[in-house]
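Participant: Predicted model, plus sequence, below.
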Amino acid sequence: MAQTVAQTAPSSARPGKQMLSEQVYAHLRDAIMRGDRLPGAALKPQELAREQGVSLAVVREALVRLVGDGLADRLPNRGFAVPSFSDQRWQEIAEARRTIEPVVLRMAIERGDVDWEVRVRAAHHRLARTPPYEAQEGEFYTAAWAEAHRVFHRSLLEGCGNRALLETFDRLWTASELARRWSAYRNPHRDGAEEHRRLEEAALARDAETAAALLVRHLTLTASALSDDRTEQAD
């Protein structure tokens, strides 16, 4: 029998509601990210409360937080559910990223100094050397690879020197993490490593035109894998 959240703490030191909610949130977030909770699957508060051995209020608080992170949908009169592959939000986020990030990358290439170049190279080296999949973490890519991936993309843009733009990148990145995992799962033959290598080369060669075009294509391929008919393709 799976261990519930409430059973993880000794009876003499039961965690408070906020701590329990954090634990339920982390449990559900990881399950969704690993693919244990499939796209479109219902997240029923009463069932989750029984499963985790916590109150309904604790579960609802965790679910509301998942909704805020884009990892769950609140359904009118039907509770909560994992978002679907075809959810329009993924295409809207991709459009926002294709609009903003190439501009920021151009700025980074123009303004970035030698230290920026070193960070980009180091981030790419770490990404290239981090295994994307481990059997114990399920069919989606690992948390370690996800972090290396984030650091690489952020490092590319950090040379812009504009904190407001980088904060926008951070928000969009967090909002699209689930879409990236699903996209990689649906398009397993995509050569992401080569895409990242070419991005690094163009950025460090200070070829803003090529780097921006490569980034747009990179983002488009991620979004296209989540289209129902998969008709949207990069040039």
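Facilitator: Now that the structure is in, tell me what you want to look at.

Participant: which other helices and strands contact the host helix or strand of residue 106?
Facilitator: Applying DSSP states H and E as the criterion places residue 106 in helix 88-111. Here helix 88-111 touches helix 143-158, helix 163-175, helix 177-186, helix 192-204, helix 208-224, going by 3 or more CB pairs under 8 Å, 6 or more residues apart in numbering; DSSP states H and E. Every C-beta, even on glycine, is put in place using the N, C-alpha and C of the backbone.

Participant: looking at those helices, which is closest to residue 80?
Facilitator: helix 177-186 (14.5 Å; CB to CB).

Participant: what about residue 189, which SS state?
Facilitator: What DSSP: H, G, I helix; E, B strand; the rest coil gives for residue 189 is coil.

Participant: ok, residue 223 touching residue 94?
Facilitator: Yes. Using CB atoms under 8 Å, residue 223 is in contact with residue 94, at 3.5 Å.

Participant: any idea how far the residue nearest in space to the middle of the chain lies from residue 93?
Facilitator: The residue lying closest to the centre of the chain (CA atoms, centre = their mean) is residue 177, at 1.2 Å. Distance of residue 177 to residue 93, computed by CB to CB, to the nearest Å: 10 Å.

Participant: Repeat that for residue 99.
Facilitator: Look at residue 99 and residue 93: by CB to CB, they are 11 Å apart.

Participant: quick one, which of these two is more surrounded?
Facilitator: The residue with more neighbours, out of residue 99 and residue 93, is residue 93; 21 against 11, by other CB atoms under 10 Å.

Participant: Next one, pLDDT for that one please.
Facilitator: Residue 93 carries a pLDDT value of 94.

Participant: need the contact list for it.
Facilitator: 172, 175-176, 179 (CB atoms under 8 Å, 6 or more residues apart in numbering).

Participant: got the phi/psi numbers for residue 137?
Facilitator: The phi/psi pair for residue 137 (degrees, to the nearest 10) reads phi -100, psi 10.

Participant: And for the one 3 residues further on?
Facilitator: With angles defined as degrees, to the nearest 10, residue 140 sits at phi -90, psi 160.

Participant: quick one, what contacts it?
Facilitator: 33-35, 181-182, 184-185 are the contacts of residue 140 under CB under 8 Å, 6+ apart.

Participant: burial measure for residue 28, as a count.
Facilitator: Neighbour tally, residue 28, other CB under 10 Å: 24.

Participant: brain fart, residue 72
Facilitator: 25.

Participant: How about the contacts made by the nearest residue to it once chain neighbours are set aside?
Facilitator: The shortest distance from residue 72 to any non-neighbouring residue, by CB to CB, 6 or more residues apart in numbering, is to residue 66 (3.9 Å). For residue 66, the contact set (CB under 8 Å, 6+ apart) comprises 25, 28-29, 32, 43, 72, 80.

Participant: Distance to residue 115 and mean pLDDT for the helices and strands packed on helix 88-111 - can I get that in JSON lines?
Facilitator: As requested, the helices and strands packed on helix 88-111 are exported to JSON lines (distance: least, CB to CB, whole Å; pLDDT from 0 to 100):
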{"stretch": "helix 143-158", "distance to residue 115": "10", "mean pLDDT": "97"}
{"stretch": "helix 163-175", "distance to residue 115": "16", "mean pLDDT": "95"}
{"stretch": "helix 177-186", "distance to residue 115": "28", "mean pLDDT": "90"}
{"stretch": "helix 192-204", "distance to residue 115": "13", "mean pLDDT": "98"}
{"stretch": "helix 208-224", "distance to residue 115": "18", "mean pLDDT": "97"}
